[in-house]
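Colleague: Okay, sequence plus prediction incoming.
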Amino acid sequence: MERKGEELTGVPARWWRKLPDGRIQCELCPRDCRLHEGQRAACFVRANKDGQMILTTYGRSSGFCIDPIEKKPLHHFYPGSSVLSFGTAGCNLACKFCQNWDISKSREMDTLMDQASPASIAQAAKRYGARSVAYTYNDPVIFAEYAMDTADACHALGIFSVAVTAGYMHLAPAREFYAKMDAANIDLKAFTEDFYFKLCGGHLKPVLDLISMVHHETSCWIELTTLLIPGYNDSDDEIKALAEWCYRELGPDVPLHFSAFHPDFKLLDVPSTPPSTLRRARHIAMEVGLRYVYTGNVHDRSGDATYCPHCGRAVIERDWYEILAYSLDEQGRCQYCGTAIAGRFGHFGRPFGARRIPVVLHEA
C-alpha cells in the first residue's frame, strides 16, 4: 500500500477513527483498512497523512463524457436524457473480471489530468444540457466526499445525481451518501458468498444490506445489474435465488439488468456470455414475478424494451441506447391502459440517442 518517497496530497476525508496503536481505521467500507502513517488504503485513494485520513483524488478526474442515461444502465430514470459522466481512479473491490480495470485499478494518480471542482462540473452539465451527472467508471464509494459535494452543486442548478456503484459501503456513510443521490445502478455481482470472496475480494451480505437500505430508507431510485459470467454465477438456481431475493426484499418494481460478460483483466480464459444465457435469466426472473427485467451488452430488442405490467404493450422500445418509440405520459403512465410504470419520468422530447461525447472541463 505504501510507496517509498511518495508525497501524499489530498483533502481531509470523512468516516475514519484513530486506533489506540497510533494507526487510523477507515470506516467507509467493509474493508475497514487500518493504516500506519503514509499508508494508502486498499482502494489506493484514501490514505493516512499526519495521523489524518485524506482523499487523494478530490477534484481530479480520469475524464468526462456526455452519455445516454440508458448506458449506466438506467431504463426508468428520465429515459432518453443525457448524463455527464466522470470517475477518478481506484476501487475498494478487487474483481478479477473488472471491465474498467484501466481506471479502477489505476495506481498512477498523475493520469488524473482533468481538474474539476464540484461547481465547475455542475456548470458544465448545465452548459451541455445534461439532465444528470453520473459518478461512474470507477466506484464513487471511494470518492464519496467529492461525489456528495458535486451532488450539492448539481442540485443547486436543478441537475440530478446518479451513482453507478458496486454498493460496497458501510450503512452509516451510505445513508449520508444516498441522501444526495437521485438514482443509482448498483451491481449485485452474484448471489453467493463464494463468488464475492474469491472473485471480488469482498462479501455478499454488506451489498444486500445496502441495496435494501437504499430502497426502503431513501428516495433514491435504484436499478440493479448482474454481470453473468459463464460457469461462475449463471446457473438457473442462482439466478432464481437472486431474483427471489429481489422480489421478496424490494418488491416487483425494481428493474434488474442481466449483462453479458466479455473476457477482461484477470479472467481472460472464460468465454463471453451467450445471448441465450441472458434471455434465460430474464425469463427466470420474470417467472419469479419481477416486472422489469432487461438484457445488456447484447443486441436484444425484446430485452431492451419496457413493457406495461398490466396490458403487456411495449411502452418504451429501444435498440441498444436508442429509443425508437415512447408511449408514456409525463407521469409515467401507459398511454394504452393508464397503468403507472415504476420510475422517474417527465416530459419526453427528442431523445439524446446513442452518442458519446468526450468533453473537457475548464476551471473558471
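Modeller: Nice, I can see it.

Colleague: Let me see the ranges of the strands in the stretch 1-150 of the chain.
Modeller: Ranges of strands within the stretch 1-150 of the chain are 11-12, 16-18, 24-26, 34-35, 46-49, 52-55, 60-61, 63-68, 82-87, 114-115, 132-135, based on DSSP state E, counting those that start in this stretch.

Colleague: Then the stretch 251-364 of the chain?
Modeller: 256-260, 293-296, 306-307, 314-319, 322-326, 357-359.

Colleague: quick one on the thing from earlier: using TSV, lay out the strands of the stretch 1-150 of the chain together with mean neighbour count, distance to residue 234 and mean pLDDT.
Modeller: C-beta coordinates here come from the backbone N, C-alpha and C atoms, glycine included. Listed next are the strands of the stretch 1-150 of the chain as TSV, based on neighbours: other CB atoms under 10 Å; distance: least, CB to CB, whole Å; pLDDT from 0 to 100:
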stretch	mean neighbour count	distance to residue 234	mean pLDDT
strand 11-12	12	42	96
strand 16-18	14	38	98
strand 24-26	22	34	98
strand 34-35	18	36	98
strand 46-49	26	34	97
strand 52-55	20	37	97
strand 60-61	21	34	88
strand 63-68	20	27	94
strand 82-87	26	27	96
strand 114-115	15	37	75
strand 132-135	27	27	98
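
Colleague: right, and the ones you listed - which one's nearest residue 311?
Modeller: strand 63-68 (26.8 Å; CB to CB).

Colleague: That closest one: partners in the sheet, and parallel or antiparallel?
Modeller: Using DSSP bridges, the strands paired with strand 63-68 are strand 82-87 (antiparallel), strand 357-359 (antiparallel).

Colleague: export the ones you listed to JSON lines and tack on distance to residue 70?
Modeller: Output for the strands paired with strand 63-68, formatted as JSON lines (distance: least, CB to CB, whole Å):
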{"stretch": "strand 82-87", "distance to residue 70": "9"}
{"stretch": "strand 357-359", "distance to residue 70": "15"}
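
Colleague: Quick check: the residue nearest to residue 211 when sequence neighbours are not counted vs residue 130, distance?
Modeller: With sequence-adjacent residues excluded and distances taken as CB to CB, 6 or more residues apart in numbering, residue 211 is closest to residue 186, at 5.7 Å. Counting by CB to CB, to the nearest Å, the gap from residue 186 to residue 130 is 21 Å.

Colleague: Repeat that for residue 317.
Modeller: Distance, residue 317 to residue 130, by CB to CB: 24 Å.

Colleague: Now do the helix or strand harbouring residue 240: which elements does it pack against?
Modeller: Here residue 240, judged by DSSP states H and E, is contained in helix 236-250. Under the contact definition 3 or more CB pairs under 8 Å, 6 or more residues apart in numbering; DSSP states H and E, helix 236-250 sits against helix 204-217, strand 221-228, strand 256-260, helix 275-288.

Colleague: quick one on the thing from earlier: would you turn the strands of the stretch 1-150 of the chain into CSV with distance to residue 143?
Modeller: As requested, the strands of the stretch 1-150 of the chain are exported to CSV (distance: least, CB to CB, whole Å):
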stretch, distance to residue 143
strand 11-12, 11
strand 16-18, 15
strand 24-26, 13
strand 34-35, 17
strand 46-49, 9
strand 52-55, 6
strand 60-61, 9
strand 63-68, 14
strand 82-87, 8
strand 114-115, 13
strand 132-135, 7
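
Colleague: Which among those is found nearest to residue 170?
Modeller: strand 24-26 (9.5 Å).

Colleague: Skipping adjacent residues, who's closest to residue 357 in space?
Modeller: The spatially closest residue to residue 357, leaving aside those adjacent along the chain, is residue 66, at 4.1 Å (CB to CB, 6+ apart).

Colleague: Reformat the helices and strands packed on helix 236-250 as CSV; add mean neighbour count and mean pLDDT.
Modeller: Listed next are those as CSV, based on neighbours: other CB atoms under 10 Å; pLDDT from 0 to 100:
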stretch, mean neighbour count, mean pLDDT
helix 204-217, 18, 98
strand 221-228, 22, 98
strand 256-260, 23, 97
helix 275-288, 18, 98
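
Colleague: possible to save the ones you listed as a markdown table with distance to residue 124?
Modeller: Listed next are those as a markdown table, based on distance: least, CB to CB, whole Å:
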| stretch | distance to residue 124 |
| --- | --- |
| helix 204-217 | 27 |
| strand 221-228 | 23 |
| strand 256-260 | 28 |
| helix 275-288 | 35 |
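
Colleague: quick one: which of those is nearest residue 294?
Modeller: Proximity to residue 294 (CB to CB) singles out strand 256-260 among the helices and strands packed on helix 236-250, at 4.6 Å.
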